[in-house]
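[1] what's the 3D shape of this:
(one chain, ligands or ions: 2)
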Amino acid sequence: MTSEQLAWKICRHDVEITHISGGSHIGAVLSMADIMAVLYADVLRYRPEEPKWEGRDRFVLSKGHAGAALYITLAELGFFPVEELLTYYQNGSRLSGHVSHKVPGVDASTGSLGHGIGLAVGMAIAAKQDRKTHRVFTVLGDGECNEGSVWESAQAAANFQLDNLVAIVDHNHMQSLDFCERTLYSGSLADKWRSFGWNVIELNGHDHDALRAALTQKKAGQPIVIVAHTVKGNRIPFMEKDILWHYRFPHDGWEYDGAVNALHACKPEGVEDPYTPNGIENPVLPGPDADIYRDHTAGATYHPTWFQVQEVSK
Ligand SMILES: Cc1ncc(C[n+]2csc(CCOP(=O)(O)OP(=O)(O)O)c2C)c(N)n1
Ligand SMILES: [Mg+2]
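    Ligands and ions are numbered 1, 2, ... in the order given. Down below sits the predicted model:
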(Lines give C-alpha, C1' and ligand atoms only; values in the text may rest on other atoms or scores of the structure.)
(Ligands and ions follow the chains in the order given, each with its own letter.)
Protein backbone atom coordinates (compact mmCIF):
# COMPACT_ATOMS: atom_id res chain seq x y z
CA MET A 1 0.00 0.00 0.00
CA THR A 2 1.35 3.47 -0.85
CA SER A 3 1.48 6.17 1.79
CA GLU A 4 -1.23 8.10 -0.09
CA GLN A 5 -3.53 5.09 -0.01
CA LEU A 6 -2.81 4.40 3.65
CA ALA A 7 -3.45 8.04 4.58
CA TRP A 8 -6.85 7.92 2.90
CA LYS A 9 -7.70 4.63 4.63
CA ILE A 10 -6.84 6.21 7.99
CA CYS A 11 -9.29 9.03 7.27
CA ARG A 12 -12.07 6.72 6.04
CA HIS A 13 -11.86 4.35 9.02
CA ASP A 14 -11.64 7.37 11.31
CA VAL A 15 -14.98 8.69 10.05
CA GLU A 16 -16.58 5.26 10.41
CA ILE A 17 -15.35 4.30 13.84
CA THR A 18 -16.01 7.66 15.47
CA HIS A 19 -19.46 7.65 13.86
CA ILE A 20 -20.32 4.17 15.11
CA SER A 21 -18.93 4.61 18.60
CA GLY A 22 -19.82 8.24 19.20
CA GLY A 23 -16.14 8.52 20.10
CA SER A 24 -13.87 11.53 19.91
CA HIS A 25 -10.87 13.08 18.27
CA ILE A 26 -11.72 12.76 14.60
CA GLY A 27 -10.05 16.09 13.77
CA ALA A 28 -6.85 15.17 15.59
CA VAL A 29 -6.60 11.96 13.54
CA LEU A 30 -7.31 13.66 10.20
CA SER A 31 -4.59 16.17 11.08
CA MET A 32 -1.88 13.51 11.36
CA ALA A 33 -3.06 10.85 8.88
CA ASP A 34 -0.34 11.77 6.38
CA ILE A 35 2.37 11.67 9.05
CA MET A 36 1.31 8.20 10.21
CA ALA A 37 1.00 6.95 6.65
CA VAL A 38 4.50 8.00 5.60
CA LEU A 39 5.98 6.69 8.84
CA TYR A 40 4.40 3.25 8.52
CA ALA A 41 4.44 2.89 4.72
CA ASP A 42 7.98 4.09 4.12
CA VAL A 43 10.08 4.72 7.22
CA LEU A 44 9.61 2.49 10.27
CA ARG A 45 11.02 -1.04 10.51
CA TYR A 46 8.52 -3.52 12.00
CA ARG A 47 7.11 -7.03 11.63
CA PRO A 48 3.32 -7.30 11.95
CA GLU A 49 3.57 -11.04 12.59
CA GLU A 50 6.09 -10.38 15.38
CA PRO A 51 5.00 -7.14 17.07
CA LYS A 52 7.67 -7.31 19.80
CA TRP A 53 10.53 -7.96 17.36
CA GLU A 54 13.70 -6.59 19.05
CA GLY A 55 14.94 -4.82 15.96
CA ARG A 56 11.77 -2.80 15.37
CA ASP A 57 11.80 0.96 15.42
CA ARG A 58 9.83 2.24 18.39
CA PHE A 59 6.84 4.53 18.03
CA VAL A 60 5.17 6.50 20.81
CA LEU A 61 2.01 8.47 20.08
CA SER A 62 2.53 11.25 22.61
CA LYS A 63 -0.76 12.90 21.53
CA GLY A 64 -2.44 9.69 22.68
CA HIS A 65 -5.99 11.02 22.27
CA ALA A 66 -5.53 10.39 18.54
CA GLY A 67 -5.23 6.66 19.26
CA ALA A 68 -7.52 5.80 16.35
CA ALA A 69 -4.77 6.93 13.95
CA LEU A 70 -2.40 4.34 15.38
CA TYR A 71 -4.96 1.54 15.69
CA ILE A 72 -6.12 1.99 12.12
CA THR A 73 -2.57 2.04 10.80
CA LEU A 74 -1.64 -1.12 12.69
CA ALA A 75 -4.79 -2.94 11.60
CA GLU A 76 -4.28 -1.98 7.96
CA LEU A 77 -0.71 -3.29 8.15
CA GLY A 78 -1.78 -6.63 9.57
CA PHE A 79 -1.05 -6.38 13.31
CA PHE A 80 -4.68 -7.32 14.06
CA PRO A 81 -7.90 -7.75 12.04
CA VAL A 82 -9.29 -4.61 10.42
CA GLU A 83 -12.83 -5.66 11.51
CA GLU A 84 -11.81 -5.11 15.14
CA LEU A 85 -11.63 -1.38 14.43
CA LEU A 86 -15.42 -1.33 14.68
CA THR A 87 -15.08 -1.97 18.44
CA TYR A 88 -13.20 1.32 18.90
CA TYR A 89 -14.25 3.26 22.03
CA GLN A 90 -16.79 0.56 23.02
CA ASN A 91 -17.08 -0.99 26.46
CA GLY A 92 -14.89 -4.07 26.72
CA SER A 93 -12.82 -3.29 23.63
CA ARG A 94 -9.04 -3.14 23.85
CA LEU A 95 -9.19 -0.23 21.39
CA SER A 96 -9.66 2.39 24.08
CA GLY A 97 -9.98 6.00 22.99
CA HIS A 98 -6.53 6.83 24.33
CA VAL A 99 -3.77 4.51 23.17
CA SER A 100 -3.35 1.18 24.93
CA HIS A 101 -0.19 -0.94 24.84
CA LYS A 102 -2.43 -4.02 25.05
CA VAL A 103 -2.95 -3.63 21.31
CA PRO A 104 -0.40 -5.50 19.17
CA GLY A 105 2.18 -3.08 17.76
CA VAL A 106 1.63 -0.37 20.37
CA ASP A 107 4.79 0.32 22.36
CA ALA A 108 3.32 2.57 25.05
CA SER A 109 -0.02 3.58 26.54
CA THR A 110 -0.48 7.33 26.28
CA GLY A 111 -3.14 9.99 26.55
CA SER A 112 -1.94 12.10 29.41
CA LEU A 113 -0.37 14.85 27.34
CA GLY A 114 3.32 15.57 27.89
CA HIS A 115 4.27 12.05 28.89
CA GLY A 116 4.86 10.21 25.63
CA ILE A 117 7.93 12.15 24.64
CA GLY A 118 9.55 11.34 28.00
CA LEU A 119 8.99 7.64 27.31
CA ALA A 120 10.49 8.05 23.86
CA VAL A 121 13.56 9.76 25.28
CA GLY A 122 14.00 6.88 27.73
CA MET A 123 13.70 4.33 24.90
CA ALA A 124 16.29 6.22 22.87
CA ILE A 125 18.72 6.34 25.80
CA ALA A 126 18.21 2.60 26.37
CA ALA A 127 18.86 1.83 22.70
CA LYS A 128 22.15 3.74 22.86
CA GLN A 129 23.22 2.05 26.06
CA ASP A 130 22.45 -1.38 24.58
CA ARG A 131 24.18 -0.44 21.30
CA LYS A 132 21.00 -1.12 19.32
CA THR A 133 20.47 0.48 15.92
CA HIS A 134 16.70 0.97 15.98
CA ARG A 135 15.30 4.48 16.07
CA VAL A 136 12.55 5.97 18.20
CA PHE A 137 9.78 8.17 16.75
CA THR A 138 7.17 10.15 18.61
CA VAL A 139 4.30 12.40 17.50
CA LEU A 140 3.23 15.31 19.72
CA GLY A 141 0.48 17.89 19.46
CA ASP A 142 1.26 21.60 19.42
CA GLY A 143 -1.14 22.16 22.33
CA GLU A 144 0.68 19.36 24.10
CA CYS A 145 3.83 21.47 23.86
CA ASN A 146 2.28 23.65 26.59
CA GLU A 147 3.20 20.87 29.02
CA GLY A 148 6.39 21.54 30.99
CA SER A 149 7.37 17.88 30.86
CA VAL A 150 7.78 18.17 27.07
CA TRP A 151 10.61 20.62 27.63
CA GLU A 152 12.29 18.57 30.35
CA SER A 153 12.35 15.72 27.85
CA ALA A 154 13.58 17.97 25.05
CA GLN A 155 16.42 19.17 27.25
CA ALA A 156 17.42 15.63 28.19
CA ALA A 157 17.36 14.43 24.57
CA ALA A 158 19.74 17.17 23.46
CA ASN A 159 21.97 16.62 26.48
CA PHE A 160 22.28 12.89 25.74
CA GLN A 161 22.81 13.60 22.02
CA LEU A 162 19.99 11.28 21.02
CA ASP A 163 20.47 11.14 17.26
CA ASN A 164 18.31 8.00 17.26
CA LEU A 165 15.25 10.05 18.26
CA VAL A 166 12.81 11.86 15.94
CA ALA A 167 9.91 13.93 17.28
CA ILE A 168 7.17 15.18 14.97
CA VAL A 169 4.99 18.03 16.18
CA ASP A 170 1.56 18.08 14.54
CA HIS A 171 1.36 21.88 14.30
CA ASN A 172 -2.31 22.45 13.51
CA HIS A 173 -2.60 25.60 15.68
CA MET A 174 -5.52 24.13 17.59
CA GLN A 175 -6.05 22.23 20.80
CA SER A 176 -9.27 21.01 22.37
CA LEU A 177 -11.22 24.23 22.88
CA ASP A 178 -9.50 26.97 20.90
CA PHE A 179 -6.47 28.00 18.88
CA CYS A 180 -3.13 27.31 20.57
CA GLU A 181 -2.17 30.94 20.06
CA ARG A 182 -5.20 32.08 22.05
CA THR A 183 -4.86 29.47 24.76
CA LEU A 184 -1.24 29.90 25.82
CA TYR A 185 0.85 31.70 23.27
CA SER A 186 4.46 30.74 23.66
CA GLY A 187 6.23 32.00 20.52
CA SER A 188 7.55 30.11 17.52
CA LEU A 189 7.63 26.37 18.15
CA ALA A 190 10.51 25.91 15.72
CA ASP A 191 12.62 28.53 17.50
CA LYS A 192 11.82 26.98 20.85
CA TRP A 193 12.96 23.48 19.81
CA ARG A 194 16.06 24.97 18.18
CA SER A 195 16.94 26.76 21.39
CA PHE A 196 16.65 23.44 23.21
CA GLY A 197 19.41 22.02 20.98
CA TRP A 198 17.36 20.05 18.45
CA ASN A 199 17.84 19.86 14.70
CA VAL A 200 14.61 21.47 13.47
CA ILE A 201 12.96 20.75 10.12
CA GLU A 202 9.81 22.70 9.22
CA LEU A 203 7.54 21.34 6.50
CA ASN A 204 4.01 20.88 5.25
CA GLY A 205 2.74 17.92 7.24
CA HIS A 206 0.49 16.82 4.39
CA ASP A 207 3.33 16.62 1.83
CA HIS A 208 4.40 12.99 1.66
CA ASP A 209 7.64 13.61 -0.25
CA ALA A 210 8.76 16.25 2.24
CA LEU A 211 7.84 13.97 5.17
CA ARG A 212 9.71 11.01 3.64
CA ALA A 213 12.84 13.07 3.10
CA ALA A 214 12.78 14.51 6.62
CA LEU A 215 11.95 11.28 8.42
CA THR A 216 14.89 9.45 6.89
CA GLN A 217 17.42 12.15 7.83
CA LYS A 218 19.97 11.70 10.59
CA LYS A 219 22.36 14.19 12.12
CA ALA A 220 25.15 12.88 14.33
CA GLY A 221 24.80 13.85 17.96
CA GLN A 222 21.45 15.68 17.69
CA PRO A 223 17.80 14.67 17.99
CA ILE A 224 15.54 15.76 15.14
CA VAL A 225 12.20 17.50 15.45
CA ILE A 226 9.90 17.95 12.50
CA VAL A 227 7.56 20.86 12.96
CA ALA A 228 4.81 19.70 10.61
CA HIS A 229 2.35 22.41 9.59
CA THR A 230 -1.03 20.75 9.33
CA VAL A 231 -4.75 21.43 9.17
CA LYS A 232 -6.93 19.92 11.85
CA GLY A 233 -9.77 18.02 10.14
CA ASN A 234 -7.80 17.79 6.89
CA ARG A 235 -9.58 16.31 3.81
CA ILE A 236 -13.11 17.08 5.12
CA PRO A 237 -13.73 20.76 4.33
CA PHE A 238 -16.50 21.35 6.90
CA MET A 239 -14.28 19.94 9.67
CA GLU A 240 -11.11 21.76 8.70
CA LYS A 241 -9.96 24.38 11.21
CA ASP A 242 -13.24 24.05 13.12
CA ILE A 243 -12.65 23.35 16.81
CA LEU A 244 -16.03 21.61 17.04
CA TRP A 245 -14.43 18.54 15.48
CA HIS A 246 -11.94 17.99 18.25
CA TYR A 247 -14.60 16.21 20.32
CA ARG A 248 -17.66 15.88 18.10
CA PHE A 249 -18.31 12.70 16.11
CA PRO A 250 -20.07 12.62 12.73
CA HIS A 251 -23.76 12.18 13.53
CA ASP A 252 -26.29 10.42 11.30
CA GLY A 253 -27.43 12.63 8.44
CA TRP A 254 -25.46 15.34 6.69
CA GLU A 255 -22.47 15.09 9.02
CA TYR A 256 -21.73 11.44 8.22
CA ASP A 257 -22.88 11.63 4.59
CA GLY A 258 -20.93 14.82 3.98
CA ALA A 259 -17.77 13.41 5.57
CA VAL A 260 -17.90 10.22 3.52
CA ASN A 261 -18.51 12.07 0.27
CA ALA A 262 -15.75 14.59 1.01
CA LEU A 263 -13.37 11.64 1.29
CA HIS A 264 -14.67 10.07 -1.91
CA ALA A 265 -13.92 13.34 -3.67
CA CYS A 266 -10.20 12.84 -2.89
CA LYS A 267 -9.92 9.04 -2.99
CA PRO A 268 -6.62 7.92 -4.55
CA GLU A 269 -6.50 5.31 -7.31
CA GLY A 270 -6.43 1.70 -6.23
CA VAL A 271 -7.92 2.08 -2.76
CA GLU A 272 -11.22 0.53 -1.72
CA ASP A 273 -13.73 1.94 0.76
CA PRO A 274 -14.76 -1.04 2.92
CA TYR A 275 -17.94 0.64 4.22
CA THR A 276 -19.53 2.64 1.41
CA PRO A 277 -17.69 1.52 -1.74
CA ASN A 278 -19.23 4.14 -4.01
CA GLY A 279 -19.79 6.91 -1.50
CA ILE A 280 -23.33 7.88 -0.52
CA GLU A 281 -26.01 8.32 -3.14
CA ASN A 282 -28.49 11.09 -2.36
CA PRO A 283 -26.62 12.32 0.72
CA VAL A 284 -28.53 14.28 3.37
CA LEU A 285 -27.55 17.94 3.04
CA PRO A 286 -27.15 20.41 5.91
CA GLY A 287 -30.36 22.33 6.69
CA PRO A 288 -30.41 26.09 7.30
CA ASP A 289 -29.81 25.66 11.05
CA ALA A 290 -26.95 23.20 10.71
CA ASP A 291 -23.98 23.61 12.97
CA ILE A 292 -21.80 23.87 9.89
CA TYR A 293 -22.80 27.52 9.55
CA ARG A 294 -21.88 28.50 13.07
CA ASP A 295 -18.54 30.07 13.91
CA HIS A 296 -17.01 27.96 16.66
CA THR A 297 -13.89 30.00 17.06
CA ALA A 298 -15.31 33.35 18.06
CA GLY A 299 -14.44 35.08 14.82
CA ALA A 300 -10.72 34.39 14.89
CA THR A 301 -8.98 34.22 11.54
CA TYR A 302 -6.98 31.12 10.90
CA HIS A 303 -3.78 30.28 9.04
CA PRO A 304 -2.24 31.60 6.80
CA THR A 305 -3.05 34.82 8.61
CA TRP A 306 -2.92 33.17 12.01
CA PHE A 307 -0.70 35.89 13.40
CA GLN A 308 -3.91 37.87 13.69
CA VAL A 309 -4.93 35.32 16.27
CA GLN A 310 -2.10 36.52 18.46
CA GLU A 311 -3.46 40.05 18.16
CA VAL A 312 -6.77 38.82 19.53
CA SER A 313 -5.04 37.18 22.47
CA LYS A 314 -3.20 40.30 23.65
C1 LIG B 1 -2.35 16.18 30.77
C2 LIG B 1 -3.59 16.33 29.94
N3 LIG B 1 -4.36 17.43 30.07
C4 LIG B 1 -5.49 17.56 29.32
C5 LIG B 1 -5.86 16.58 28.46
C6 LIG B 1 -7.17 16.72 27.68
N7 LIG B 1 -6.90 16.95 26.25
C8 LIG B 1 -7.06 15.95 25.36
S9 LIG B 1 -6.67 16.43 23.80
C10 LIG B 1 -6.31 17.99 24.31
C11 LIG B 1 -5.84 19.03 23.31
C12 LIG B 1 -4.57 18.62 22.65
O13 LIG B 1 -4.20 19.54 21.68
P14 LIG B 1 -2.98 19.22 20.75
O15 LIG B 1 -1.85 18.69 21.55
O16 LIG B 1 -2.70 20.41 19.96
O17 LIG B 1 -3.53 18.02 19.87
P18 LIG B 1 -4.36 18.05 18.50
O19 LIG B 1 -5.64 17.34 18.82
O20 LIG B 1 -4.58 19.45 18.09
O21 LIG B 1 -3.49 17.33 17.53
C22 LIG B 1 -6.49 18.13 25.68
C23 LIG B 1 -6.25 19.35 26.43
C24 LIG B 1 -5.04 15.44 28.37
N25 LIG B 1 -5.32 14.43 27.53
N26 LIG B 1 -3.90 15.34 29.10
MG1 LIG C 1 -3.02 20.89 17.99
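
[2] Ignoring the adjacent residues along the chain, who's closest to the residue of the stretch 201-314 of the chain found nearest ligand 2?
    Residue of the stretch 201-314 of the chain nearest ligand 2, by C-beta to the ion: residue 232 (6.3 Å). C-beta here means a position set from N, CA and C on the backbone, and glycine is covered the same way. Spatial nearest neighbour of residue 232, chain neighbours left out: residue 172 (4.0 Å); criterion: C-beta to C-beta, 6 or more residues apart in numbering.

[3] From the structure, what's the count of residues near that neighbour?
    Neighbourhood size, residue 172 [other C-beta atoms under 10 Å]: 28.

[4] which ones are touching it?
    31, 141, 142, 230, 231, 232 (C-beta atoms under 8 Å, 6 or more residues apart in numbering).

[5] Now do the last one against ligand 1, distance only.
    Between residue 232 and ligand 1 the computed distance is 6 Å (C-beta to the nearest ligand atom, to the nearest Å).

[6] Spit out the contact partners of that residue.
    The neighbourhood of residue 232, defined by C-beta under 8 Å, 6+ apart, consists of 27-28, 30-31, 172-174, 239-241, 243, 245-246.

[7] Then the fourth one?
    Residue 230 is in contact with 31, 32, 34, 35, 170, 171, 172, 205, 206, counting by C-beta under 8 Å, 6+ apart.

[8] Same question for the first one.
    Shown in contact with residue 31 (C-beta under 8 Å, 6+ apart): 66, 170, 172, 205, 230, 231, 232, 233, 234.

[9] Take those and keep only those in strands.
    Among the contacts of residue 31, DSSP state E puts residue 170 in strands.

[10] what about the residue nearest to residue 49 when sequence neighbours are not counted, which SS state?
    Leaving aside its sequence neighbours, residue 49 sits nearest to residue 78 (C-beta to C-beta, 6+ apart; 7.4 Å). Following DSSP: H, G, I helix; E, B strand; the rest coil, we place residue 78 in the coil state.

[11] Run through the residues of the stretch 101-250 of the chain sitting next to ligand 2.
    Proximity of the stretch 101-250 of the chain to ligand 2, by C-beta under 5 Å from the ion, involves residues 141, 142, 143, 172, 174.

[12] From what I see, the second one and residue 186 are in contact.
    No - the pair residue 142 / residue 186 is not scored as a contact, 9.8 Å apart, by C-beta atoms under 8 Å.

[13] Just want the residue of the stretch 51-200 of the chain that's nearest ligand 1.
    Proximity of the stretch 51-200 of the chain to ligand 1 (C-beta to the nearest ligand atom) peaks at residue 141, 1.9 Å away.

[14] Of the contacts of residue 232, which are in range of ligand 1?
    The residues of the contacts of residue 232 that also fall near ligand 1, by C-beta under 6 Å from any ligand atom, are 28, 31, 172, 174, 246.

[15] burial count for the nearest residue to residue 26 once chain neighbours are set aside?
    Closest residue in space to residue 26, ignoring its immediate chain neighbours: residue 18 at 4.6 Å, by C-beta to C-beta, 6+ apart. Neighbours of residue 18 under the rule other C-beta under 10 Å: 25.

[16] same deal with residue 220?
    Neighbour count of residue 220, defined by other C-beta under 10 Å: 6.

[17] circling back: separation between the residue of the stretch 201-314 of the chain closest to ligand 2 and residue 170?
    As defined by C-beta to C-beta, to the nearest Å, residue 232 lies at a distance of 9 Å from residue 170.

[18] now residue 289
    Counting by C-beta to C-beta, the gap from residue 289 to residue 170 is 33 Å.

[19] Then residue 9?
    When residue 9 is compared with residue 170 (using C-beta to C-beta), they lie 19 Å apart.

[20] same check, this time on residue 210
    Taken as C-beta to C-beta, the span from residue 210 to residue 170 is 14 Å.

[21] Over to residue 1?
    Residue 1 is 22 Å from residue 170, by C-beta to C-beta.

[22] quick one on the thing from earlier: now the two most distant members of the contacts of residue 230.
    34 and 171 (13.0 Å; C-beta to C-beta).

[23] and the helix or strand where residue 201 lies, what does it pack onto?
    Secondary structure from DSSP states H and E places residue 201 in strand 199-204. Packing partners of strand 199-204 (3 or more C-beta pairs under 8 Å, 6 or more residues apart in numbering; DSSP states H and E): helix 189-195, helix 208-215, strand 224-229.
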